[in-house]
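Asks: Based on what follows, work out the 3D shape:
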Amino acid sequence: MSNDISGPSWNLLTIYSRVTDPAVERDFSELTELLNKIADLNKNLDHVNFTLAQEVFVKIENAGELFSNLLTYANCLLSVDSADEDAQQMFGRLQRYRKDIGSASKTLQEFEAFAGEEVLESYLNHESVGQARFSILHRRQLAPQLLSRSEEQLVEGLAQNGLHAWGDLYDRLSGSIECDVLVGNQSQSMGLAQAATQMMDSSDAQRKNAWEAINQSWNVHEEACAAGLNAITGWRLDLCDQRSQNEPVGFLDSAVHMNKISVETLNALLASARKSNALAQRAAKLQARAMGKERLGPWDSRAPAPVLEKHSTKLMAFDQAIELIKDAFSTVDPSMGEFVQMMADESWIEATVSAKKRPGAYCTSFSKSKSPRVYMTYSGSTSDVITLAHELGHALHFWVMRDLPETQRRYGMSLAETASTMGETAVRNELLARASSDLEKLDIMWEELSAFTTFMLNIPTRFEFEKNLYDKRRDRPLSPKELRKLMSDAWLEWYGDSISEPDPMFWASKLHFYISGLSFYNFPYLFGYLFSLGVFSEKSHLGDRFYSQYCELLRDTGRMTAEDLAERHLGFDIQSQSFWDNVIDSIHPRIDEYERLLNSVL
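Replies: Residues are numbered from 1 along each chain as shown. Got it, this is the predicted structure:
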């Protein structure tokens, strides 16, 4: 994709002026002092001294705020330039603090797990601790899995140079790898993030060139990636075995608990996706037909709408994208549009195009200033606009919760995708409302179909691969060849004959498999996509009351389970497959309409 469109760089100067800012050292010093105090207090913490536990709780929360602020800053710098030596040193320095905070927290978590009911209630009878009641009681469910204090501290300490080191290695690799992409008749060297933008080109050949170049680059590093993936999954499986002394602990248990959903909800969600697989494959085949071919290629996942007649698919400047998203969000409530403008005015969005940037997009936040930041690479495609809306949805979720205690803002990843996916939906609806012809409607509905096939085919493919990986990894490490086959099999299982070929290197190129802090970062996207559509469907019923109720729902995401949240705010039973089936059924007419419009122009 040859164009000069790029987004702005973000402003981090309000956080720290630079890595060598004296404020950075002050925060490190305060963090060190807090951790030393916590270590001293922990020496006397038993299962009955609730006043001492309250003091430890407050200090750990204060330490967590400082650590989070420093770590987010280092990560932001490294996302923009993975070769930033000062940021690398700061990040490396923080690894010891991550270990120390983790070890210090284990003692308090042991108290929370094993304190008697009367002692626990006395502990919760404290302003700061009481605000964390839900998260404490939720953690307490894991009591049967806990090891001894010394064992838990050993696991936490070893993880820094073991489990997390592999995740850090992947981050460094992905930020430093370059690939040679054939652009036209000329080979151009570029970073992975920049190459990924080529997979949004209107030319099928160009997208395929970029996909092949990216995979070739990962092929060079397949042994390192395989070692990392085997180490991460092997570590988790070993830990599951160690935690199974009182009751069996499976490799999915941690992900389900972290997402604050039940196994029944996950099973209902996946069963519904499986039941609707034929509909999802039909949508993929319609996309392929619009492109003038029988099947999609794995390089088409972010393809723009095909040019069906002589009308130009224009790229959108970043400022235009902000205006569009602002208008779309304002259709839900004017304050949502004002929030988008504020994000742009405050320079809280990083969207430049650079060979040094890491691939991907995310939303993060700074704990001290309670201000969000959005990161992506923006080059003007409709897919970029949707990604920007997605991340701004995340930022809005944080913003409506910013006045709550930190302990009430820790929501599961499934619910994290609710506001982001709703942001996408609002923008697609706005684009569709602006369409003045069938061709323009097809362009916008293409984005709808792309979302549907991504969430209903690609996300289950990732889940299938990861689940099968854990099953096989229990016996022995897998070779790159075996990982390629496992990945290919998962693609064919879900995509069937709607895809021309699988993506055998997806296990290496997909960042989410290497996030050391959490596993199965895939089903939360499917949950968030369908749940947000269910939430958005209530807009017509609730009218002017919708936004206030929506905000209340978002504010409760960190203080109740997904099941309780859905029941309390919307009356939904998300443990029932029928809920998910009904949401998917509501999309069926849009796919029918796309086919009708496609037939009218072909």
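Asks: With only the CA atoms kept, save the worst-scoring helix or strand of the chain on mean pLDDT in PDB.
Replies: When each helix and strand of the chain is scored by mean pLDDT, DSSP states H and E, helix 539-542 comes last, with a mean of 86. In PDB, the C-alpha atoms belonging to helix 539-542 read as follows (Å, rounded to 0.1, in the frame of the first residue of the first chain):
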ATOM      1  CA  LYS A 539     -30.600   0.400  22.500                       C
ATOM      2  CA  SER A 540     -33.900   0.400  20.500                       C
ATOM      3  CA  HIS A 541     -35.800  -0.900  23.500                       C
ATOM      4  CA  LEU A 542     -34.300   1.500  26.100                       C
END
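Asks: can you list contacts of it?
Replies: 332, 546, 549 (CB atoms under 8 Å, 6 or more residues apart in numbering). Using the backbone N, CA and C atoms, a C-beta is placed for each residue, glycine as well.
Asks: Count residues in the vicinity of the last one, would you?
Replies: Spelled out, it's Q549. For Q549, the count of nearby residues is 15 (other CB atoms under 10 Å).
Asks: Quick check, pLDDT for it.
Replies: Predicted confidence (pLDDT) at Q549: the value is 93.
Asks: about what we covered before: now do the helix or strand that the least confident helix or strand of the chain is followed by: everything it contacts.
Replies: Remark: after helix 539-542, the chain's next helix or strand is helix 546-555, criterion DSSP states H and E. With contact meaning CB under 8 Å, 6+ apart, helix 546-555 is reached by 332-333, 335-336, 397, 400-401, 404, 418-419, 535, 538-539, 542, 565, 569-570.
Asks: Write the ChimeraX selection for whichever of those are buried.
Replies: Command for ChimeraX that selects the buried part of the contacts of helix 546-555, burial taken from 16 or more other CB atoms under 10 Å:
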select :332,333,336,397,400,401,418,419,535,538,539,565,569,570
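Asks: Just the contacts of helix 546-555: which are in helices?
Replies: 335-336, 397, 400-401, 418-419, 535, 539, 542, 565, 569-570 (DSSP state H).
Asks: Now render the residues you listed as TSV, adding distance to M200.
Replies: Shown next, in TSV, are those (distance: CB to CB, whole Å):
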residue	distance to M200
S335	31
M336	26
H397	26
V400	31
M401	32
T418	26
A419	24
V535	28
K539	30
L542	36
L565	35
H569	36
L570	35
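Asks: if I pick T352, what's in contact with it?
Replies: Here T352 is in contact with 6-9, 80, 377-378 (CB under 8 Å, 6+ apart).
Asks: how about a cut-off of 10 Å?
Replies: Contact analysis of T352 by CB atoms under 10 Å, 6 or more residues apart in numbering lists 6-10, 80, 318, 376-379.
Asks: repeat for S600
Replies: Counting by CB under 10 Å, 6+ apart, the residues that S600 touches are 438-439, 442.
Asks: Most neighbours among those residues, which one is it?
Replies: With neighbours taken as other CB under 10 Å, the top of those is L442, carrying 22 neighbours.
Asks: from the chain's centre, how far out does the helix or strand harbouring that one sit?
Replies: Per DSSP H and E, L442 falls inside helix 438-453. Relative to its chain's centre, helix 438-453 lies at 23 Å (CA atoms, centre = their mean, to the nearest Å).
Asks: helices and strands around that helix, which ones?
Replies: If contacts are counted by 3 or more CB pairs under 10 Å, 6 or more residues apart in numbering; DSSP states H and E, helix 438-453 sits against helix 277-290, helix 382-401, helix 413-434, helix 523-536, helix 577-601.
Asks: In TSV: those, plus distance to M487 and mean pLDDT.
Replies: Formatted as TSV, the helices and strands packed on helix 438-453 follow (distance: least, CB to CB, whole Å; pLDDT from 0 to 100):
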stretch	distance to M487	mean pLDDT
helix 277-290	18	97
helix 382-401	23	94
helix 413-434	22	90
helix 523-536	17	92
helix 577-601	25	96
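Asks: Name the SS class of D46, please.
Replies: Recorded secondary structure, D46: coil (DSSP: H, G, I helix; E, B strand; the rest coil).
Asks: An error on my part: the question was meant for Q188.
Replies: Applying three-state DSSP: Q188 is strand.
Asks: Over to V19?
Replies: Three-state assignment for V19 (three-state DSSP): coil.
Asks: pLDDT below threshold where in this structure?
Replies: 1-3, 310-313 (pLDDT under 70).
Asks: any chance you could map the strands in it?
Replies: With DSSP state E, the ranges of strands along the chain come out as 178-183, 186-191, 349-350, 362-366, 371-375.
Asks: who does the shortest one pair up with?
Replies: The strands that strand 349-350 pairs with in its sheet are strand 371-375 (parallel) (by DSSP bridges).
Asks: now the angle from the partner strand to helix 382-401?
Replies: 170 degrees (axes from the mean of the first three to the mean of the last three CA atoms, to 10 degrees).
Asks: Please put the alpha-carbon coordinates of strand 371-375 into PDB.
Replies: The C-alpha trace of strand 371-375 is given here as PDB (Å, rounded to 0.1, in the frame of the first residue of the first chain):
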ATOM      1  CA  SER A 371      -5.400   8.700  31.500                       C
ATOM      2  CA  PRO A 372      -5.800   6.200  28.600                       C
ATOM      3  CA  ARG A 373      -3.600   5.800  25.500                       C
ATOM      4  CA  VAL A 374      -4.300   4.100  22.200                       C
ATOM      5  CA  TYR A 375      -1.600   2.500  20.100                       C
END
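Asks: quick check, distance from that strand to the centre of its chain.
Replies: Counting by CA atoms, centre = their mean, strand 371-375 comes out at 14 Å from the chain centroid.
Asks: now stretch 206-214
Replies: Counting by CA atoms, centre = their mean, stretch 206-214 is centred 24 Å from the centre of its parent chain.
Asks: Contacts only, for the closest residue to Y529 other than its chain neighbours.
Replies: Distances taken as CB to CB, 6 or more residues apart in numbering place F455 nearest to Y529, at 4.2 Å, with adjacent residues excluded. Contacts for F455 (CB under 10 Å, 6+ apart) come out as 273, 280, 417, 421, 525-530, 533.
Asks: And the furthest pair within those residues?
Replies: With CB to CB as the measure, no two of the contacts of F455 lie farther apart than A280 and E417, at 18.1 Å.
Asks: Neighbour count: those two, which is higher?
Replies: Using other CB under 10 Å, the more surrounded residue of A280 and E417 is A280, with 27 against 24.
Asks: Neighbours of the residue nearest to that one when sequence neighbours are not counted, how many?
Replies: Excluding the flanking residues, the one nearest A280 by CB to CB, 6+ apart is M456, at 3.8 Å. When neighbours are counted by other CB under 10 Å, M456 registers 26.
Asks: same check, this time on H47
Replies: H47: 15 neighbours (other CB under 10 Å).
Asks: Thought E110 was touching it, still the case?
Replies: Yes. In this structure H47 lies within contact range of E110 using CB atoms under 10 Å: 7.7 Å.
Asks: circling back: columns distance to D201 on top of the contacts of F455, output as JSON lines?
Replies: Shown next, in JSON lines, are the contacts of F455 (distance: CB to CB, whole Å):
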{"residue": "A273", "distance to D201": "30"}
{"residue": "A280", "distance to D201": "25"}
{"residue": "E417", "distance to D201": "27"}
{"residue": "T421", "distance to D201": "25"}
{"residue": "Y525", "distance to D201": "24"}
{"residue": "L526", "distance to D201": "27"}
{"residue": "F527", "distance to D201": "31"}
{"residue": "G528", "distance to D201": "28"}
{"residue": "Y529", "distance to D201": "25"}
{"residue": "L530", "distance to D201": "30"}
{"residue": "L533", "distance to D201": "29"}
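Asks: Out of those residues, which comes closest to D180?
Replies: Y525 (31.2 Å).
Asks: got the contact list for the closest one?
Replies: With CB under 10 Å, 6+ apart, Y525 has these contacts: 413-414, 416-417, 420-421, 454-455, 458-459, 462-463, 512.
Asks: any chance of the helices and strands packed on helix 438-453 in TSV, with distance to N215 too?
Replies: Formatted as TSV, those follow (distance: least, CB to CB, whole Å):
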stretch	distance to N215
helix 277-290	21
helix 382-401	20
helix 413-434	27
helix 523-536	22
helix 577-601	30
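Asks: Great, nothing more from me.
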